[in-house]
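Visitor: pasting the sequence and the predicted coordinates here, then a few questions.
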Amino acid sequence: MTTTDTSSVITVTGVQRRYGSGKSAFTAVRGVDLTVRRGELFALLGTNGAGKTSLLEVVEGIAPASAGSVRVLGRDPYRERHLVRPRTGIMLQEAGFPADLTTAETARMWHGTLGAPMPVAHALELVGLRHRASVQVKSLSGGERRRLDLALAIMGRPEVLFLDEPTTGLDPQSRRDAWELVRQLLEAGTTVVLTTHYLEEAEELADRLAIMHGGRVVREGTVAEIVAGEPARIRYRTSSGELADPRTLHALPALLTAGRTRTGLVEIESHDLQATLTALLERANAAGEALANLEASHASLERAFLAVAGEDDDAAAPPVPELATA
């Protein structure tokens, strides 16, 4: 995590992005407001089709907004792209490298388009590709190509760096190395906007994040703030009527809900895991009952994300039944 000042590097106000026209029109981004502060890492998460890539392309200046406004470093990134682009770095989900060029040749080609870039060898060293400099791009692994993408994105020493799924295809160690590089960039003052499907990545790196669903931002804040809105959960299997009776369970301290999962486990949600779990175990000990398959977990970013992802499913699916009361 980084310490940031309060000035805004990116401001998104009421942004919409539509595709097509008339009856065939589709609105992928539906009135999004966001602010990214100088020197922070802002993670943009979303379910498949949530609109995060469509939004990111507008912020990057690749496409215009259909409505609303975007400012990056105080300027419109699409209409004033010639002024914004030299100060930003972009790592797309996929890059089209000439297959027959070597890693070093590709990097040198990109190097020639930049104003004050870092040396090619240094950029490749930062992403662990210097030893692969003479290898043709077509012979690189998928993970190595992603690292080459990252090398080109940071070569121009950008003030703002956009990373779209940067560690897809990387092995665990390479992913950790990429995280460390991003931390170094943050410490040097770079502002980073990250999209990722790896929730652990967002938890490790993000100062703040937003979760998109259905073209809108539905959660925004620090990881702690987003997680705070989700309950802790306890699950177990029991043959004891007392420990499966909601009239008894609802008397447990801090309990929010009690029910059964579709696999027959008793499931309890609580806003104070320790208090509820302690009382439950005391009751189990008093009854001489062992709780099989016992799981207790605090709220997590994954739980918050899945709650968002399941909102449409919950509206369509029948509710999970409460435990029988008799």
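Guide: The structure has been received and is ready for your questions. These numbers come from a predicted model, not from an experiment.
Visitor: can you show me the CA trace of the helix or strand hosting Val182 as CSV?
Guide: Per DSSP states H and E, Val182 falls inside helix 172-187. Extracted C-alpha coordinates of helix 172-187, given in CSV (Å, rounded to 0.1, in the frame of the first residue of the first chain):
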residue,chain,number,x,y,z
PRO,A,172,3.1,-17.7,-9.1
GLN,A,173,6.7,-16.6,-8.6
SER,A,174,6.6,-14.3,-11.7
ARG,A,175,3.3,-12.9,-10.5
ARG,A,176,4.9,-12.0,-7.1
ASP,A,177,7.9,-10.5,-9.0
ALA,A,178,5.4,-8.3,-11.0
TRP,A,179,3.7,-7.2,-7.8
GLU,A,180,7.1,-6.1,-6.4
LEU,A,181,7.8,-4.1,-9.5
VAL,A,182,4.5,-2.4,-9.3
ARG,A,183,5.2,-1.6,-5.6
GLN,A,184,8.5,0.0,-6.7
LEU,A,185,6.7,2.1,-9.3
LEU,A,186,4.2,3.3,-6.7
GLU,A,187,7.0,4.2,-4.3
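Visitor: and whichever helix or strand comes after that helix with helix 172-187, angle?
Guide: The first helix or strand that comes after helix 172-187 along the chain, using DSSP H and E, is strand 191-195. Relative orientation of strand 191-195 and helix 172-187, computed by axes from the mean of the first three to the mean of the last three Cα atoms, to 10 degrees: 150 degrees.
Visitor: and strand 191-195, how far out from the chain middle?
Guide: Distance of strand 191-195 from its chain centroid, counting by Cα atoms, centre = their mean, to the nearest Å, is 10 Å.
Visitor: same question, stretch 252-268
Guide: The answer for stretch 252-268 is 29 Å, by Cα atoms, centre = their mean.
Visitor: quick check: buried residues in that stretch?
Guide: Neighbour-count burial for stretch 252-268 flags Leu252, Ala254, Leu255, Ala258, Gly259, Arg260, Leu265, Val266, Glu267, Ile268 (criterion: 16 or more other Cβ atoms under 10 Å). Yep, even glycine has a C-beta here, placed from its N, CA and C like the rest.
Visitor: now stretch 182-196
Guide: Val182, Arg183, Leu185, Leu186, Thr190, Thr191, Val192, Val193, Leu194, Thr195, Thr196.
Visitor: that older thread, and the buried residues of stretch 252-268, which is closest to Leu45?
Guide: Of all these, Glu267 has the smallest distance to Leu45: 25.2 Å, by Cβ to Cβ.
Visitor: in its sheet, which strands sit next to whichever strand or helix holds the closest one, and in what direction?
Guide: Element membership for Glu267, per DSSP H and E: strand 266-270. Paired with strand 266-270 in the same sheet, following DSSP bridges, are strand 232-237 (antiparallel), strand 255-260 (antiparallel).
Visitor: okay if I get those as CSV plus distance to Gly14?
Guide: Output for the strands paired with strand 266-270, formatted as CSV (distance: least, Cβ to Cβ, whole Å):
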stretch, distance to Gly14
strand 232-237, 36
strand 255-260, 35
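Visitor: Leu301: which of those strands is closest?
Guide: strand 232-237 (13.8 Å).
Visitor: please work out the average pLDDT along that closest one.
Guide: Mean pLDDT, strand 232-237: 95.
Visitor: make 35 the first number, not 1, from now on.
Guide: Sure, I'll start numbering at 35, so the last one becomes strand 266-271.
Visitor: give me the contacts around it.
Guide: Applying Cβ atoms under 8 Å, 6 or more residues apart in numbering, the external contacts of strand 266-271 come out as 277, 295, 298-307, 310-311, 314, 325-333, 337.
Visitor: check stretch 152-162 too.
Guide: Contacts of stretch 152-162 (Cβ under 8 Å, 6+ apart): 137-138, 141-142, 145, 151, 164, 166-167, 181-182, 184-186, 188-191, 208, 211-212, 215.
Visitor: the same query, at a cut-off of 7 Å, please.
Guide: 137-138, 141-142, 145, 164, 167, 181, 184-185, 188-189, 191, 211, 215 (Cβ atoms under 7 Å, 6 or more residues apart in numbering).
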